[in-house]
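*Asks:* Only the shape, not the letters, is given here:
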């Protein structure tokens, strides 16, 4: 029996009035209405009023009805489990009526509401939903059929896991053939929804789709030339996804598909063109790419180059040529940024492969992931075309150039600045994949590009900054007077450009140049710092964040060459002034703290005049965050969990201070409770907090072990519990800290070996362990062998192969030195432990460029001791190295 309910007229009028007022343009009115509506959630039948307004009050204006439906949808999302059963039933039956509403807006809102109920209430609890919708799509009423298909589309999108599960008795076996049947419906909207519904399941490949794959592909081909843009968009999207997961099914039709995508990458509708352009990105990742695309390169490259032009709308929105350096940034201009948590790298000159957030992502930092997500939010045909050219250059390499370069040669000198700008973008896009072929052209191209930094068009100046940064490695490798000096002069000029977009591009490009040039920038430091400090006074909020990065990168690149009085006078006053102005809760502290961390490490003793207040504020930020965290845990109803990034950045800045100041930090540590706070941070539930804590522990161990010593008995068990390689960066820093502690504890480390040794051996032998973690693990095992050789030597055979294979790849440094001394000590005690893999030990020794004399003699002694057993290998390495 259907549930019946009638509203109280006065209550209904009040709610309708609130819904109307919620559409007010006045922010204060909107907030007040929002609070009143939220307060109404305490009344169980408030949701009945909302569904009544949404479905029954057909004389009310559509926006008001739709808002009622959307508020109800949000309530379902948050509170559905607590709804009384009769109210759930009432909402369901009324929402189904609205699917066929004459208004497209109401139908769309009904579909969203129903899909949300299905997500929150579980499709299993609404068994009549799918059969009813399937009946409606057969309706003679266009509104009912379209509304039902739109709802099914949303359900397929939001509830695909449920539809594929066994709990529903295989609804896809019915739905997918039905969807395919509607590919040729006379309504473009229904055709589009039908394709979109099937598209939701391509990546997961349920059996119901696999069994109908041939029919699906043929049905796509049948509507490929559809006049409707939504249909064409969904066809392109389907083919791109099929290429990714079912390329073998497309190979027989590949020539036709490539022809189709060539046409539709140039579609008059930008959305269709973008979906088609995605095809080239996906194809570049497939093994068939070269065979499939080689015959079409001469047609594809011009299409991609045309797609890289700014559109008229882009130019209007970018307001590119205005002088806006004095215009303050809006909050919406500044994207959220994320601190790169400190990870110790064994070979500091090598490229790290695991500087993530401790969550198992080893190839990209959290910040890079976030930037990628942000880039997707304004992904367009220009960016997709450039990305496609980039990835294809990494497939075809120099063979792309005979097609590309003649076009670029013409376009670079085009009187149309939009064509010229896109050609400069293309040069940057192919810089990585085609570098070998580009080298012969760079002596001519680089001076031309440097001249483009003075172009009258701001967008040309900004893209030129980026493209030159892509060739920075080559430029730095040439005599400075040829290109580098001129490039620095022009790029520093663009850092002070009156256009904010150019400032941003120039500052980012200069940071890249700093990374490539490193200490080769030392002769030019005075001029660089003068420009950066002028920029510090001129930049608005957004570009100031990028400037912090450029300053920090400069400090990382030139190191203690920055520690000169004249440089410190230029650099520190504005940084400290900004530091003192920012409040403790201001997130602009994050990039400034990062910058100061790099500067403190580089300046070393030069940072001493500034270190006291900086150290104390970092300790305060850590203490405050820990206190707020404890309040939130003990009383979650009254306190919210604080943003722990304040604590993470403060920990990393303290690491920078400890690394830069060395023993000079000792008085500051002695006068603070930092080690007590550090112990709490080491046990935090957030991996990034633990990661930064272990980095700071290692740096404090090196700088002032006399203070750390008293806490070792507490610290080492925590370190042992964090040797879990599932959290790569946490494990990495914990491993490094154990190695630093072992050097200081010497033979006292024996008492703690059982906490760490077996897990370290397991980690070094674990398949797929990232390079950085392997290196730190090998060094720490070597150091444990150095201080406790009798206890570690019996396990030599269990790790020596992987140990040698790992450390042969890092450059000479103190960490490598101590690790090899430890292994040599273990071999002296247990020579049979290395016998099986002695060739690899010889190879590891040969990786040294110039070991210290006493270590060289140790190698000599071990090699000659094994001479009778492994003669050939010993003679080879002795002749080569010792």
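*Replies:* Cool, the structure landed. Source: prediction; values computed, not measured.

*Asks:* For residue 744, which residues are in contact?
*Replies:* Neighbouring residues of residue 744 by Cβ atoms under 8 Å, 6 or more residues apart in numbering: 701, 705, 708, 709. (C-beta placed from N, C-alpha, C; glycine too.)

*Asks:* nearest residue to the second one other than its sequence neighbours?
*Replies:* What that stands for is residue 705. Using Cβ to Cβ, 6 or more residues apart in numbering and skipping residues adjacent in sequence, the residue nearest residue 705 is residue 744, 4.4 Å away.

*Asks:* what do you get for the last one?
*Replies:* Counting by Cβ to Cβ, 6+ apart, residue 709 lies nearest to residue 744, which is 7.4 Å off, once chain neighbours are set aside.

*Asks:* how much space between that neighbour and residue 738?
*Replies:* Here the distance between residue 744 and residue 738 works out to 11 Å (Cβ to Cβ, to the nearest Å).

*Asks:* same check, this time on residue 594
*Replies:* From residue 594 to residue 738 the distance is 26 Å (Cβ to Cβ).

*Asks:* and the two? which has more neighbours close in?
*Replies:* residue 738 (32 against 23; other Cβ atoms under 10 Å).

*Asks:* and the more buried one, what helix or strand is that in?
*Replies:* According to DSSP states H and E, residue 738 maps onto helix 728-745.

*Asks:* Tell me the helix or strand right after that helix.
*Replies:* With DSSP H and E, the next secondary element past helix 728-745 is helix 753-764.

*Asks:* can you give me the offset of that following helix from its chain's centre?
*Replies:* Chain-centre distance of helix 753-764: 31 Å, with Cα atoms, centre = their mean, to the nearest Å.

*Asks:* what's the answer for stretch 822-834, then?
*Replies:* What separates the centre of stretch 822-834 from the centre of its chain is 43 Å, taken as Cα atoms, centre = their mean.

*Asks:* mind listing what's buried in that stretch?
*Replies:* For stretch 822-834, the neighbour count (16 or more other Cβ atoms under 10 Å) marks 822, 823, 824, 825, 826, 827, 830, 831, 833, 834 as buried.

*Asks:* And for stretch 722-740?
*Replies:* By neighbour count with 16+ other Cβ under 10 Å, stretch 722-740 contains the buried residues 722-723, 725, 727-740.

*Asks:* and if you look at stretch 526-533?
*Replies:* Within stretch 526-533, the residues that count as buried by 16+ other Cβ under 10 Å are 528, 529, 531, 532, 533.

*Asks:* Do me a favour and get the backbone dihedrals for residue 769.
*Replies:* Note on residue 769: backbone dihedrals following degrees, to the nearest 10 are phi -70, psi 130.

*Asks:* Isn't it up against residue 726?
*Replies:* No - applying Cβ atoms under 8 Å as the test, residue 769 and residue 726 come out as separate, 11.1 Å apart.

*Asks:* does residue 641 count as helix, strand or coil?
*Replies:* Recorded secondary structure, residue 641: coil (DSSP: H, G, I helix; E, B strand; the rest coil).

*Asks:* Spit out the contact partners of it.
*Replies:* 628, 629, 632.

*Asks:* still on that earlier bit, buried members of the contacts of residue 744 into PyMOL, please.
*Replies:* Here is the PyMOL command that selects the buried residues among the contacts of residue 744 (16+ other Cβ under 10 Å):
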select buried, resi 701+705+708
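
*Asks:* And for residue 590, the neighbour number?
*Replies:* Neighbours of residue 590 (other Cβ under 10 Å): 20.

*Asks:* what's the biggest helix by length in the chain packed up against?
*Replies:* Ranked by residue count and defined by DSSP state H, the top helix of the chain is helix 608-634. Counting contacts by 3 or more Cβ pairs under 8 Å, 6 or more residues apart in numbering; DSSP states H and E, helix 608-634 packs against helix 565-581, helix 589-603, helix 645-661, helix 666-670, helix 674-681.

*Asks:* any idea which of the ones you listed is most buried?
*Replies:* helix 645-661 (a mean of 27; mean count of other Cβ atoms under 10 Å).

*Asks:* what pLDDT, on average, does it get?
*Replies:* Helix 645-661 comes out with an average pLDDT of 92.

*Asks:* same question, stretch 156-168
*Replies:* On average, stretch 156-168 scores 87.

*Asks:* Centre of the chain to it, how far?
*Replies:* 29 Å.

*Asks:* And stretch 194-201, by the same measure?
*Replies:* Here the centre of stretch 194-201 is set off from its chain's centre by 29 Å, with Cα atoms, centre = their mean.

*Asks:* which other residues reach stretch 429-448?
*Replies:* Residues contacting stretch 429-448 (Cβ under 8 Å, 6+ apart): 386-387, 389-398, 400-401, 404-405, 412, 427, 467-468, 470-471, 474-475, 482-483, 486-487.

*Asks:* For it, which residues meet the burial criterion?
*Replies:* Across stretch 429-448, burial judged by 16+ other Cβ under 10 Å covers 429, 430, 431, 433, 434, 435, 437, 438, 442, 445, 446.

*Asks:* Any regions of the stretch 251-400 of the chain where pLDDT drops low?
*Replies:* Scanning the stretch 251-400 of the chain for pLDDT under 70 picks out 324-377.

*Asks:* Which parts of it are strands?
*Replies:* Applying DSSP state E, counting those that start in this stretch to the stretch 251-400 of the chain gives no strands.

*Asks:* residues in contact with residue 227?
*Replies:* Contact analysis of residue 227 by Cβ under 8 Å, 6+ apart lists residue 188.

*Asks:* which SS state does it fall under?
*Replies:* Quick answer, by three-state DSSP: residue 227 is coil.

*Asks:* now it: how far from residue 518?
*Replies:* For residue 227 relative to residue 518 (Cβ to Cβ), the value is 58 Å.

*Asks:* Tell me if I'm right that residue 226 and residue 194 touch.
*Replies:* No - using Cβ under 8 Å, residue 226 makes no contact with residue 194, being 11.8 Å away.

*Asks:* Residue 8: neighbouring residues, count only.
*Replies:* Number of residues near residue 8 (other Cβ under 10 Å) recorded here: 11.

*Asks:* Keep only those of the contacts of residue 744 that are in helices.
*Replies:* Those of those lying in helices (DSSP H): 701, 705, 708.

*Asks:* what's the last one in contact with, if anything?
*Replies:* With contacts taken as Cβ under 8 Å, 6+ apart, residue 708 has the following neighbours: 675, 697, 700, 701, 715, 741, 744.

*Asks:* about what we covered before: next, the angle helix 645-661 makes with the helix holding residue 738.
*Replies:* If you take axes from the mean of the first three to the mean of the last three Cα atoms, to 10 degrees, helix 728-745 sits at 40 degrees to helix 645-661.

*Asks:* any idea of the angle helix 728-745 forms with helix 753-764?
*Replies:* Using the same axes, to 10 degrees: helix 728-745 against helix 753-764 is 140 degrees.
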